[in-house]
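Visitor: Need coordinates for the following:
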Amino acid sequence: MRLLLVHPSALMYSEIFLRLEPLGMERVAGAARDAGHQVRVIDLQVETHTDLERELASFRPEAIGVSLNYLANIPEAIDIAKRAKQLLPTAFVFFGGHSVSFVAEEVLEQAEGAVDVVARGEGETVVVPLLEAARDGGLETVPGAVTPAGRGPAPKMLHSIDSPRPARDLLRHRRNYFIGELDPCASIEFTRGCPWDCSFCSAWTFYGRSYRKASPEAAAEEMASIRERNVFIVDDVAFIRPEHGDAIAAELERRRVRKRYYLETRADVLLRNTEIFERWSRMGLKYMFLGMEAIDAEGLELYRKRTSPDENFRALEVARKMGIMVAINLIVDPAWDEERFRLVREFAMSVPEIVHLTVMTPYPGTEVWHTESRKLTTRDYRLFDIQHAVVPTTLPLEVFYRELVRTQAVINRKHLGLRTAFGAMRVLMGNLARGQTNFARMLWRFNHVYNPERQLADHRRPVRYELPLPRRLDVGDRRQLYIHTRAGGRGGAAKTAAPERSGCGERPGENRLAEEVPE
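Guide: Coordinates of the predicted model:
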């Protein structure tokens, strides 16, 4: 079957700081191609809707899948589906991805017949059965499939994340992917899921609060196959199990693989497993993203981070000693007043690290979606991008955005402004000499992308598709939030295999539950 997979356009945050290859969609493409299907990929982060129309006309796909890991892309995806059905009325159109898994039925209804199926859960396990059922019938029996007639069986999880391998060769504009000065930059996955339970996050609810690991041999083999010098490790929390990181490092050293790395982890993991991060810093780890989320104990408790301010600041010191540049994320509560913004600006200017700000956003799949007492001020999917306020603000909205952008400008002055550009001239000129302009463009785009008038204007756009109202749910039994559930888990969790990222002590390729974080 001819299958066209489509990734929607970049969101606001990606206009400046990063543009990552659609790794999940590449793995789905790999699974379909391994099963004998003819697969092509369009990534609208780096291609245009005109390119998509040309591909529909020339390739004439029999099946079209749209990746929806972000709520804000849902309106665009529905429009893509409707246009595809106009051009190819008999084509089978399906959606899949993290965010759409939590609102499958509502999106099907909003698509008004343009979408045949929404696939909940992991895409690698569902794509081949889905294409077979589209050809032979029986869509309602495919695990994870949601059709207008209702839900099929529960979604299945991969036994091992060693395969399928991402079909990276299908991406035609790989030089356009970057993160900061790592330009160009590929992505790789060592583990999947998260055993923590932060109230603002849906990674743990999607995978049932556990994780799986790729075997060190498979991880190293894939890394060796990547052409790019720079690699972003996409794991939600890197090196939870130091022996896993050590084993991958040993395999890479044995293969003499040398690259520059960017990863994300937690402060407590960095402090507990310092030695493995030191080893990776010697191997090329240059950048690290730490989700501090708050600078005080009250904020950390609110988001159930299970860390303390002392741990966060000690982790920053540890990273500095290793020579690793750290990017910090802080969550902006719409309840902040001008004094709170001022304090955060003072903090951002007092540390050498890059400071990123994201607006607290209750997403379907998160615990706060069900517990947040404040009423949503909008249900426009496009505003659920962690850059807009979707619940009432203490300050007038225009003042909130003014303070937000004023505070975000600290990033521009410290790290993206002209002074830093001159200080990093060797990096900049090296990228330009290789024909890489993503980092250079990033340096001067801040004021164009981030301004209060633009963000206010976004609230005034006509709305055609709206998020469903949050359903009140007793989250005492948080398994009700899960997309994937675990066999033999604590408390008798039901069915299917454990979510991606597994625990210590497994054999290569074995899928084993990780220890949970204590309540």
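Visitor: separation between Gly291 and Cys185?
Guide: According to C-beta to C-beta, to the nearest Å, Gly291 stands 20 Å off from Cys185. All C-beta atoms are positioned from the backbone trio N, CA, C, and that covers glycine.
Visitor: typo on my end, it should be Asp197
Guide: Asp197 is 30 Å from Cys185, where distance means C-beta to C-beta.
Visitor: Between those two, which has more neighbouring residues?
Guide: Cys185 (29 against 18; other C-beta atoms under 10 Å).
Visitor: May I have the phi/psi pair for the residue lying closest to that one once chain neighbours are set aside?
Guide: Residue nearest to Cys185 in three dimensions, not counting chain neighbours: Asn230, with 4.1 Å by C-beta to C-beta, 6 or more residues apart in numbering. Dihedral pair for Asn230: phi -110, psi 140, per degrees, to the nearest 10.
Visitor: Bridged to Asn230, which residues?
Guide: Cys185, Arg260 (DSSP bridges).
Visitor: State the pLDDT value of it.
Guide: With respect to pLDDT, Asn230 has a value of 97.
Visitor: That one touches Tyr262, doesn't it?
Guide: Yes: with contact defined as C-beta atoms under 8 Å, Asn230 reaches Tyr262; the gap is 7.4 Å.
Visitor: What ranges does the stretch 301-450 of the chain have for its strands?
Guide: Here the stretch 301-450 of the chain has its strands, by DSSP state E, counting those that start in this stretch, at 325-332, 354-359.
Visitor: So what are the sheet partners of the longest one and their directions?
Guide: Same thing as strand 325-332. Paired strands of strand 325-332, with direction, are strand 285-293 (parallel), strand 354-359 (parallel) (DSSP bridges).
Visitor: pLDDT below threshold where in this protein?
Guide: For the chain, applying pLDDT under 70 flags the ranges 14-15, 373-374, 411-412, 414-447, 475, 486-519.
Visitor: Just the element for Val66, please.
Guide: strand 63-67 (DSSP states H and E).
Visitor: Tell me the helix or strand right after that strand.
Guide: Downstream of strand 63-67, the next assigned helix or strand under DSSP H and E is helix 74-87.
Visitor: on that earlier part again, what is in contact with Asn230 and Tyr262 at once?
Guide: Common contacts of Asn230 and Tyr262 (C-beta atoms under 8 Å, 6 or more residues apart in numbering): 179, 182, 185.
Visitor: give me the number of residues near Ala327?
Guide: Ala327 has 20 neighbours, counted by other C-beta under 10 Å.
Visitor: distance of it from Gly291?
Guide: Between Ala327 and Gly291 the distance is 10 Å, computed by C-beta to C-beta.
Visitor: same thing with Arg260?
Guide: From Arg260 over to Gly291 (counting by C-beta to C-beta), the distance is 21 Å.
Visitor: ok, now which ones touch Gln38?
Guide: Going by C-beta under 8 Å, 6+ apart, Gln38 touches 1-3.
Visitor: Could you do Pro75 as well?
Guide: Residues near Pro75 by C-beta under 8 Å, 6+ apart: 381-382, 464-465.
Visitor: Buried only: go through these for me.
Guide: Listed as buried from those are 381-382, 465; burial here means 16 or more other C-beta atoms under 10 Å.
Visitor: Could I get these in a markdown table, plus columns for distance to Val318?
Guide: Below are these laid out as a markdown table (distance: C-beta to C-beta, whole Å):
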| residue | distance to Val318 |
| --- | --- |
| Tyr381 | 39 |
| Arg382 | 39 |
| Tyr465 | 45 |
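Visitor: ok, those vs Arg345, which is closest?
Guide: Arg382 (27.9 Å; C-beta to C-beta).
Visitor: Isn't that closest one up against Ala457?
Guide: No: under the criterion of C-beta under 8 Å, Arg382 is not in contact with Ala457, lying 11.9 Å apart.
Visitor: Ramachandran angles for the residue nearest in space to the middle of the chain?
Guide: Computing the C-alpha centroid of the chain and ranking residues by C-alpha atoms, centre = their mean puts Asn69 first, at 6.9 Å. Phi and psi for Asn69, reported as degrees, to the nearest 10, are phi -90, psi -10.
Visitor: That one and Gly97 touch, don't they?
Guide: Yes: at 4.5 Å, Asn69 and Gly97 qualify as touching, with contact defined as C-beta under 8 Å.
Visitor: For the two, list the residues in contact with both.
Guide: Counting by C-beta under 8 Å, 6+ apart, the contacts common to Asn69 and Gly97 are Gly24.
Visitor: rewinding a little: neighbours of the residue nearest to Cys185, just the number please.
Guide: For Asn230, the neighbour count with other C-beta under 10 Å is 24.
Visitor: ok, it - contacts?
Guide: By C-beta under 8 Å, 6+ apart, the residues touching Asn230 are 178-179, 182-186, 259-262.
Visitor: Throw these into CSV and include distance to Gly30, thanks.
Guide: Listed next are the contacts of Asn230 as CSV, based on distance: C-beta to C-beta, whole Å:
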residue, distance to Gly30
Phe178, 23
Ile179, 22
Leu182, 24
Asp183, 25
Pro184, 20
Cys185, 20
Ala186, 15
Lys259, 21
Arg260, 25
Tyr261, 23
Tyr262, 23
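Visitor: circling back: turn the strands of the stretch 301-450 of the chain into CSV, including distance to Asp116.
Guide: Formatted as CSV, those follow (distance: least, C-beta to C-beta, whole Å):
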stretch, distance to Asp116
strand 325-332, 37
strand 354-359, 34
